[in-house]
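A.B. asks: coordinates only, sequence not included:
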């Protein structure tokens, strides 16, 4: 895989798809996603989710204003979230962004994802 030097829709979409392809196979956190969206990233629910998350990350990185949702709210209904689950999510996310983007961009994604996870854990009381 060629390491990307630019944040754009195509590269972020590639990263999001690669990330969730790993997540749904993960024994520790995969079920959070497969229980709601299924285990086939090609299905309609997943395609919608992948597009939302692409828009979310483009917005988080300052490259789009297309995301206008509330990323925290869906997490309030999930049972069993813990610091360990968020740590696992971050571990996978950080590995994927390091594979897709150059070190500078990957570190920006890592910083933002860690901030999001910290805020979510605080707001969820975990």
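C.D. replies: All right, it came through fine. Everything numeric in this text was worked out from a predicted model, so none of it was measured.
A.B. asks: for the helix-or-strand element of the chain with minimal mean pLDDT, what is the distance to the chain centroid?
C.D. replies: Every helix and strand in the chain was compared by mean pLDDT, DSSP states H and E; the lowest is helix 73-76, with a mean of 87. With C-alpha atoms, centre = their mean, to the nearest Å as the basis, helix 73-76 stands 14 Å off its chain's centre.
A.B. asks: what does it rub up against?
C.D. replies: Identification of contacts with helix 73-76 by C-beta atoms under 8 Å, 6 or more residues apart in numbering yields 81, 120, 124. (Glycine included, C-beta is placed from N, CA and C.)
A.B. asks: again, only this time at 10 Å
C.D. replies: Identification of contacts with helix 73-76 by C-beta atoms under 10 Å, 6 or more residues apart in numbering yields 32, 36, 49, 52, 70, 81, 86, 120-121, 123-124.
A.B. asks: check stretch 112-126 too.
C.D. replies: Outside stretch 112-126, the residues that reach it (C-beta under 10 Å, 6+ apart) are 19, 56-57, 60-62, 71-72, 75-76, 78, 80-87, 89-90, 93-94, 97.
A.B. asks: the protein: helices as residue ranges?
C.D. replies: Ranges of helices in the chain, per DSSP state H, are 9-23, 30-37, 44-60, 73-76, 83-100, 103-124.
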